[in-house]
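Chemist: This is the structure alone, sequence omitted:
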């Protein structure tokens, strides 16, 4: 199969679809792999390293899209990219179509078969999304801690506190992969952490992080009271493939103290907070009622080398199957198909758009 990897064009997105070693695995399996020139540079991978492993370096994205049977990306197509896709072609990347009807319509018009990293399920989890959720959860706390600094219009609060100074209060909506990583880091920093989660098993894992972590069921009144007292609010709610439900209202954000911070990891799926709107690393924050919001829709793009390595390792077993002759008989891959030949396939998307 002809496999193409274009350079990511989202602002300050440094990840690459596959690291050189993963490409080498595909070449050894008999596939032709093409990489757009410079696609791996921001992740620390020079074209020469790909070339030495048998990858063909091409000069522009148009060539990649024109010649590839299977296009591997990180982020969803944007700008001119949907127009370069075609019927009969496979696209394997993060799609997040529930948050973008316009992109959904453009991909339907192209006829491409789009398989979402975030909708590929195996063994009760989301194996390709998981490492990016790990990173996003940790970055949510790191960025939130910095945005609480005075020079960033924050409260001037050290998140973990210190002797004679109070601890910061971190409220996390969701105790899954992203929320769990956020809770782990916030707890290790010494913050007071409250995690709202529906599943008892996850609640137990959150409590086990330390005596400074409390796990609660998300009763509406309890969430509202905790949000009002939060120094840092992190949204980490996920329904695979579906638009995220709104857990926190604009009115509740208005009751937060000036200088508080909101980080919504769920922004890729539309956000779980009413005041969420997607931003990028060129202009990552905005204010609502004197509360700073950080809602970057590609948070792991800030650490492209780590993220690209983790993403390739998670993806390569499924990619090898997708590049094989009988992938359509693979139930896991088939269940991750979002759309094909102008038709919406994924149930949550059909329910939303049809």
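Modeler: Done, it's in. All figures in this text were calculated on a predicted structure; none of them were measured in a lab. Numbers count the residues shown, from 1 in each chain.
Chemist: What ranges does this protein have for its helices?
Modeler: Shown for the chain, the helices assigned by DSSP state H span residues 20-28, 47-52, 61-67, 81-84, 101-110, 129-147, 177-188, 200-207, 220-229, 250-254, 304-322, 331-335, 347-353.
Chemist: wait, isn't residue 193 in contact with residue 180?
Modeler: No. At 11.1 Å, residue 193 does not count as touching residue 180 under the criterion of Cβ atoms under 8 Å. Any C-beta I mention is one placed from the backbone N, CA and C, and that applies to glycine too.
Chemist: higher neighbour count, these two?
Modeler: Neighbours per residue (other Cβ atoms under 10 Å) separate residue 193 from residue 180, with residue 193 holding more: 29 against 22.
Chemist: Just the pLDDT for the more buried one.
Modeler: pLDDT for residue 193: 98.
Chemist: now it, which residues is it bridged with?
Modeler: Beta-bridge partners of residue 193, counted by DSSP bridges, are residue 170, residue 213.
Chemist: ok, now which ones touch it?
Modeler: Applying Cβ atoms under 8 Å, 6 or more residues apart in numbering, we find residue 193 in contact with 169-172, 183, 186-187, 206, 209, 212-214.
Chemist: Going by distance to residue 98, which of the residues you listed wins?
Modeler: For the contacts of residue 193, the closest approach to residue 98 (Cβ to Cβ) belongs to residue 172, at 21.8 Å.
Chemist: Buried subset of the contacts of residue 193 as a PyMOL selection?
Modeler: Those of the contacts of residue 193 that count as buried under 16 or more other Cβ atoms under 10 Å are selected in PyMOL with:
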select buried, resi 169+170+171+172+183+186+187+206+209+212+213
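Chemist: was I right about residue 271 contacting residue 265?
Modeler: No. In this structure residue 271 lies outside contact range of residue 265 using Cβ under 8 Å: 9.1 Å.
Chemist: Let's have the contacts of residue 193 in JSON lines, adding pLDDT and distance to residue 229.
Modeler: JSON lines is the format used below for the contacts of residue 193 (pLDDT from 0 to 100; distance: Cβ to Cβ, whole Å):
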{"residue": "169", "pLDDT": "98", "distance to residue 229": "6"}
{"residue": "170", "pLDDT": "98", "distance to residue 229": "11"}
{"residue": "171", "pLDDT": "98", "distance to residue 229": "8"}
{"residue": "172", "pLDDT": "98", "distance to residue 229": "14"}
{"residue": "183", "pLDDT": "98", "distance to residue 229": "17"}
{"residue": "186", "pLDDT": "98", "distance to residue 229": "15"}
{"residue": "187", "pLDDT": "98", "distance to residue 229": "17"}
{"residue": "206", "pLDDT": "98", "distance to residue 229": "18"}
{"residue": "209", "pLDDT": "98", "distance to residue 229": "20"}
{"residue": "212", "pLDDT": "97", "distance to residue 229": "15"}
{"residue": "213", "pLDDT": "98", "distance to residue 229": "16"}
{"residue": "214", "pLDDT": "98", "distance to residue 229": "12"}
